[in-house]
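Quick one, structure for this:
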Amino acid sequence: MELHPILEKGECPAKPKIWYVISAGGISPPSMRVGHSATALQSSQTKVLLLGGGNPNGVFPENHLLNLDSYEWEEAKWSGLKGRYEHTAFIASSCSGKVFVFGGANQAGNMNDMQVLELGAGQWTNITASGEAPTARTCRGSAVLGDQLYIFCGGEQGADPVSDCKLHVFDATTSAWTQPSVNGKVPKARHGHILVTVGTKLYLHGGMARESIYDDLFEYDIETSTWKQIKCTGDIPPGTAAHGAVAHNQDIVIFGGMTKNGASDSTYILNTETFQWKKIELSGPPPASRLDHAMCVVKMNFQRAPSPMEPSVEVSKDVPAGIVDITDNAMFVVDGIQQDLPAQGAGDSTPRAQAESSEERLSNQEENDISAPEVKRDAEERVTRGVTPGTTGDSSDSITCVLVHGGMDTGGQIFDDCLVMRLDDL
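Below is the predicted model of the structure:
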C-alpha cells in the first residue's frame with residue numbers, strides 16, 4: 001500500500017501531481033470534521049483559517065489557524081463565532097483585515113445570518129445587512145469577486161435544495177444584499193455544487209437535487225448578467241456533489257465529492273478558455289475518497305537552490321543539494337490512504353454516522369497486523385525551505401498549492417488530515 005510523503009517543518013512540495021501530508025505541530029489540531037471552511041488570509045496566503053464544521057459530537061464554534069511557514073497550529077482566541085457547518089467564508093478585497101461568514105446550519109436548522117471577524121480585534125460580531133437576504137440555507141456553493149459575495153441556491157433539508165434560483169449578491173463595503181436581474185439559461189435548483197470566479201465570470205459545476213446528481217457546467221458573466229450552459233470536452237467528471245474547487249489562473253481544479261458510486265478521490269482540471277476537462281494522473285496515491293471537505297489555494301515559501309556565486313551548503317553525499325534527507329524516522333499518516341468502505345446511498349452529507357479518530361484507525365490496523373510496505377525514500381519529493389517563518393530572503397520563492405482538510409466518505413468515516421498539492425504543471 002503506497003503512502004503519502006509527509007512534509008515536516010522546513011520542507012515544501014517538490015513535485016507536481018503528488019499529494020503531500022502536512023505534519024503540523026503547535027497547539028492541539030482541529031478534530032475530525034466536515035462542512036468546515038478554509039480561508040487563506042490575504043496578508044501572505046501562508047496562514048489558513050479553518051472555521052466551524054461538525055461531527056457526531058456536535059457543531060463547532062471554533063477558529064483554527066494553520067501557519068504554513070512553520071507547520072504549526074497557532075492559537076486563535078477569537079470569540080463569538082456561532083457554531084455552523086456548510087457555510088461560506090470569504091475575505092473582501094478592500095477589507096483584508098476582516099473575515100466574513102454567512103449561512104450554514106447547526107443542530108437547530110439552517111441559518112442566514114452574516115458575521116464578521118476583525119482579525120485585529122479578536123471578536124466575531126453580527127452584521128445587520130440591508131436589502132433582501134437569502135433565506136436560511138446551507139451554501140457551500142458561493143464565490144467572491146472583489147468586495148462582492150455571490151450565492152446561488154443551497155440546501156433546504158436532507159437532499160432537497162431551496163427552490164430559490166435567484167443570484168444573491170452581498171457587498172462587503174455597504175453591507176447590502178441585492179438580486180440582479182439575469183438573462184440566459186439559469187441552472188436548476190441544487191445544492192452541493194461548486195461556484196468559483198475566473199476573471200469576471202462565475203462557473204457553477206455539479207450539485208444535487210433529491211436523487212439527481214448533476215455533471216453540468218454553467219457560466220455567469222458578471223458584466224452582462226447572463227447565464228449560459230457550457231458544452232465541455234475531454235475527461236468530463238461524473239455527476240458530483242459536495243466536492244471542493246479552487247481557481248488558479250484560467251483553470252478550475254476540483255477534488256473529491258459524492259458521485260452515484262460513492263465518494264470520489266479524483267482530481268480534475270478545467271481550462272476555462274477551451275472548456276476541456278482533464279483528469280489528473282497522479283504520480284502518487286490520491287487522498288482518501290471524501291466529500292464535504294475544506295479546500296483553498298495557499299502559498300508555500302521555499303529556498304531556491306544557490307547560484308554558483310553563492311556559498312554552497314554542506315549536504316550528505318547521498319542527497320542532492322537543496323533536498324532534505326529522508327531518514328528512517330520519516331513519518332507517514334493513515335488518514336490519506338484510500339479506504340475500501342461500503343458506500344451509502346446519495347443523501348444529506350451532514351455528519352450523522354459514528355466515526356473513529358485517526359488514532360483509533362491506527363490502533364485497529366495494528367490489531368489486525370496490517371503492515372505497511374517499505375517506504376520509498378525519494379529524496380526529490382521534498383525540498384528544503386530554509387526560510388525563517390514570517391520572513392523572506394533574496395533566495396526565497398513561493399509556489400501555489402491547493403490545500404484540503406477533513407471531510408468524510410459515504411461509509412461514515414470522518415477525516416482530520418491536511419494535504420497539499422502543487423497547482424503548477426497539472
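
what pairs with the host helix or strand of residue 298, and is each one parallel or antiparallel?
Assessed by DSSP states H and E, residue 298 sits inside strand 294-303. Taking DSSP bridges as the criterion, strand 294-303 sits next to strand 396-405 (antiparallel) in its sheet.

so how far is the partner strand off the chain centroid?
Here the centre of strand 396-405 is set off from its chain's centre by 12 Å, with Cα atoms, centre = their mean, to the nearest Å.

Give the buried residues for that strand.
Of the residues in strand 396-405, those buried by neighbour count under the rule 16 or more other Cβ atoms under 10 Å are 398, 399, 401, 402, 403, 404, 405. Quick note: C-beta positions are derived from backbone N, CA and C, even for glycine.

Kindly report the same for stretch 284-301.
Within stretch 284-301, the residues scored as buried using 16+ other Cβ under 10 Å are 284-298, 300-301.

again, but for stretch 232-241
Applying a neighbour-count criterion of 16+ other Cβ under 10 Å, the buried positions in stretch 232-241 are 232, 237, 239, 240, 241.

one step back: and the strand holding residue 298, what's its mean pLDDT?
Per-residue confidence for strand 294-303 averages out to 90 on the pLDDT scale.

Can I get that strand as CSV, trimmed to CA atoms?
These are the backbone C-alpha positions of strand 294-303, laid out as CSV (Å, rounded to 0.1, in the frame of the first residue of the first chain):
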residue,chain,number,x,y,z
ALA,A,294,-12.5,22.2,3.3
MET,A,295,-10.3,23.4,0.3
CYS,A,296,-8.5,26.6,-0.6
VAL,A,297,-5.5,28.0,-2.5
VAL,A,298,-2.3,28.7,-0.4
LYS,A,299,1.2,30.0,-0.9
MET,A,300,4.2,28.0,0.3
ASN,A,301,7.6,29.5,0.7
PHE,A,302,10.8,27.7,-0.2
GLN,A,303,14.5,28.3,-0.6
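
burial count for residue 268?
A count of nearby residues for residue 268, using other Cβ atoms under 10 Å, gives 23.

C-terminal to the host helix or strand of it, what's the next element?
In this structure, residue 268 is located in strand 267-271 according to DSSP H and E. Toward the C-terminus, strand 267-271 is succeeded by strand 276-279 as the next helix or strand (DSSP H and E).

now residue 45: how far from residue 299?
Per Cβ to Cβ, to the nearest Å, residue 45 is found 4 Å from residue 299.

can I assume residue 203 sits in a strand?
Yes - with DSSP: H, G, I helix; E, B strand; the rest coil as the criterion, residue 203 is part of a strand.

Surely it is in contact with residue 196?
Yes - judged on Cβ atoms under 8 Å, residue 203 makes contact with residue 196 at a distance of 5.5 Å.

Between those two, which contacts overlap?
Taking Cβ atoms under 8 Å, 6 or more residues apart in numbering as the contact criterion, the common neighbours of residue 203 and residue 196 are residue 252.

okay, and for the stretch 301-426 of the chain, where does confidence drop off?
303-395 (pLDDT under 70).

three-state assignment of residue 76?
Remark: residue 76 carries the secondary structure label coil [criterion: three-state DSSP].

what residues are up against it?
With contacts defined as Cβ under 8 Å, 6+ apart, residue 76 is in contact with 49, 63, 64, 65.

and if you look at residue 119?
Listed by Cβ under 8 Å, 6+ apart, the contact partners of residue 119 are 41, 78, 97, 98, 99.

next one: residue 235
The neighbourhood of residue 235, defined by Cβ under 8 Å, 6+ apart, consists of 268, 277, 278, 279.

repeat that for 10 Å
Taking Cβ atoms under 10 Å, 6 or more residues apart in numbering as the contact definition, residue 235 lies against 266, 268, 269, 270, 276, 277, 278, 279, 280, 281.

separation between the nearest residue to the fifth one once chain neighbours are set aside and residue 280?
This points to residue 276. Residue nearest to residue 276 in three dimensions, not counting chain neighbours: residue 234, with 4.1 Å by Cβ to Cβ, 6 or more residues apart in numbering. In this view, residue 234 and residue 280 are 12 Å apart by Cβ to Cβ.

ok, now which ones touch the residue nearest to residue 251 when sequence neighbours are not counted?
Spatially, and ignoring its direct neighbours in sequence, residue 251 is nearest to residue 269 (5.4 Å; Cβ to Cβ, 6+ apart). With contacts defined as Cβ under 10 Å, 6+ apart, the neighbours of residue 269 are 234-235, 248, 251-254, 276-280, 423, 426.

Could you rerun that using 7 Å?
Contacts here follow Cβ atoms under 7 Å, 6 or more residues apart in numbering; on that basis residue 269 touches 251, 253, 278, 280, 426.

Next, give me the two most distant ones among those residues.
Based on Cβ to Cβ, the longest span within those runs between 251 and 280 and measures 11.1 Å.

Narrow the contacts of residue 235 to those that are buried.
Here, 16+ other Cβ under 10 Å leaves 266, 268, 269, 270, 277, 280 buried among these.

what's the following helix or strand after the helix or strand where residue 177 lies?
Element membership of residue 177, judged by DSSP H and E, is strand 176-178. Tracing the chain past strand 176-178, the next element assigned as helix or strand by DSSP H and E is strand 183-184.

Pairing partners for the next helix or strand after that following strand, with directions?
The C-terminal neighbour of strand 183-184 among helices and strands, as given by DSSP H and E, is strand 194-198. Here strand 194-198 is paired, per DSSP bridges, with strand 201-205 (antiparallel).

now the angle from the partner strand to strand 267-271?
Regarding strand 201-205 and strand 267-271, their directions subtend 140 degrees when assessed with axes from the mean of the first three to the mean of the last three Cα atoms, to 10 degrees.

How far away from the center of its chain is strand 201-205?
When distances are taken as Cα atoms, centre = their mean, strand 201-205 is centred 17 Å away from the chain's centroid.

Name the residues that touch the helix or strand following it?
Toward the C-terminus, strand 201-205 is succeeded by strand 208-209 as the next helix or strand (DSSP H and E). Residues outside strand 208-209 that contact it (Cβ under 7 Å, 6+ apart) are 159, 161, 188, 189, 190, 191, 192, 214, 241, 346.

contacting residues for residue 82?
Taking Cβ under 7 Å, 6+ apart, one finds 61, 115 in contact with residue 82.

Which pLDDT value goes with it?
Looking at residue 82, its pLDDT stands at 98.

helix or strand for the residue lying closest to residue 164 once chain neighbours are set aside, which one?
Using Cβ to Cβ, 6+ apart and skipping the chain neighbours, the partner closest in space to residue 164 is residue 135 (6.2 Å). Counting by DSSP H and E, no helix or strand carries residue 135.
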